[in-house]
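Asker: how would this look folded up:
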Amino acid sequence: MKIAPSVLTADFSQLKMELDSIKTADYIHLDIMDGHFVPNISFGPAISLQIAKQTSIPLDIHLMVTDPLKWINEFAKCRPQFITVHVEANDVNETIKSIKSNDINLGLSIKPKTSVNTLLPYIEDVALILVMTVEPGFGGQSFMRDMLIKVEDLVRIRNERKLKFEIEVDGGINQETIKLCRKAGVDIVVAGSYLFNMADRKKGIESLK
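Answerer: The predicted structure follows:
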């Protein structure tokens, strides 16, 4: 299991120290919120670039924004491993082209009420599919177990079509829910407040893995 800590609940006044505390992670997950697509605002390209400069861990950028096409070139400057956009956002096809033209791995995400079927037109192009296991926008929510049915569907589709995309979940991850994720076939979990509330985050990452 790969672990991608979300820095949304990190102490940004101690950014380098916070990043050092999760240096054993596989990715660093950046939740980008515009206050429109989701009812919260986080940070933008400038802070993301500072994070990129202060860590060697690959970035996993999740754009929870209405118009992701406007932002791809700016976030591409961080040279992330993935840029993930929502199928519910505007200009999905053009956004996909922009991500791929920047030579960055494409990620697509779906909200809890969105069907896996909405991903099928793009399934051949994705490197990552992110299934939200909470309503996007706020940390600390409870894990939605029924979202794992989507994970199982994606595992089946991946096997049937002989594809190689990774499956990620985000929301409500802890020591118990990660066991359910592993059983369903999840490859990467995003861990936010659960991990950052720990005194020893290295131990926390090892335990989740």
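Asker: buried residues in whatever helix or strand residue 206 lives in?
Answerer: Residue 206 is located in helix 201-208, with elements delineated by DSSP states H and E. Residues 201, 204, 205, 208 are the ones in helix 201-208 that count as buried (16 or more other Cβ atoms under 10 Å). All C-beta atoms are positioned from the backbone trio N, CA, C, and that covers glycine.
Asker: pull the helix or strand with minimum mean pLDDT from the chain.
Answerer: Every helix and strand of the chain was ranked by mean pLDDT, DSSP states H and E. The lowest is helix 193-196, at a mean of 90.
Asker: hmm, who's touching that one?
Answerer: Helix 193-196 is touched from outside by 3, 5, 7, 9-10, 18, 22, 139-140, 173-174, 201, 204-205, 208, with contacts defined as Cβ atoms under 8 Å, 6 or more residues apart in numbering.
Asker: so which of these is the most crowded?
Answerer: Within those, residue 5 tops the neighbour count with 30 neighbours, counted by other Cβ atoms under 10 Å.
Asker: so who does the residue lying closest to it once chain neighbours are set aside touch?
Answerer: With sequence-adjacent residues excluded and distances taken as Cβ to Cβ, 6 or more residues apart in numbering, residue 5 is closest to residue 22, at 4.6 Å. By Cβ under 8 Å, 6+ apart, the residues touching residue 22 are 5, 28, 57, 195, 201, 202, 205.
Asker: for residue 167, give the beta-bridge partners.
Answerer: Note on residue 167: beta-bridge partners by DSSP bridges are residue 129.
Asker: and residue 181, that's in a helix?
Answerer: Yes: using DSSP: H, G, I helix; E, B strand; the rest coil, the assignment for residue 181 is a helix.
Asker: hmm, what's the outermost residue in this structure?
Answerer: residue 160 (24.4 Å; Cα atoms, centre = their mean).
Asker: quick one, helices of this protein?
Answerer: 15-20, 45-53, 72-76, 92-101, 148-161, 177-184, 193-196, 201-208 (DSSP state H).
Asker: what's the most buried one of those?
Answerer: Ranked by mean neighbour count, the helices of the chain are led by helix 193-196 with a mean of 20 (mean count of other Cβ atoms under 10 Å).
Asker: for that helix, output the C-alpha coordinates as PDB.
Answerer: C-alpha atoms of helix 193-196 as PDB (Å, rounded to 0.1, in the frame of the first residue of the first chain):
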ATOM      1  CA  SER A 193      -5.800  14.700   9.700                       C
ATOM      2  CA  TYR A 194      -5.400  11.100  11.000                       C
ATOM      3  CA  LEU A 195      -1.700  11.200  10.200                       C
ATOM      4  CA  PHE A 196      -0.900  14.800  11.000                       C
END
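Asker: for it, what is the distance to the chain centroid?
Answerer: 15 Å (Cα atoms, centre = their mean, to the nearest Å).
Asker: cool, stretch 83-90 as well?
Answerer: 12 Å.
Asker: please renumber so the chain begins at 41
Answerer: All set: I'll call the first residue 41, so the last point we hit is now stretch 123-130.
Asker: what comes up buried for that stretch?
Answerer: Here stretch 123-130 shows 123, 124, 125, 126, 127, 128, 129 as buried, counting by 16+ other Cβ under 10 Å.
Asker: now do the contacts for the residue nearest the centre of the chain.
Answerer: By Cα atoms, centre = their mean, the chain has its centre lying nearest to residue 102, at 5.0 Å. Residue 102 makes contact with 69, 70, 71, 72, 124, 147, 149, 170, 210, 230 under the criterion Cβ under 8 Å, 6+ apart.
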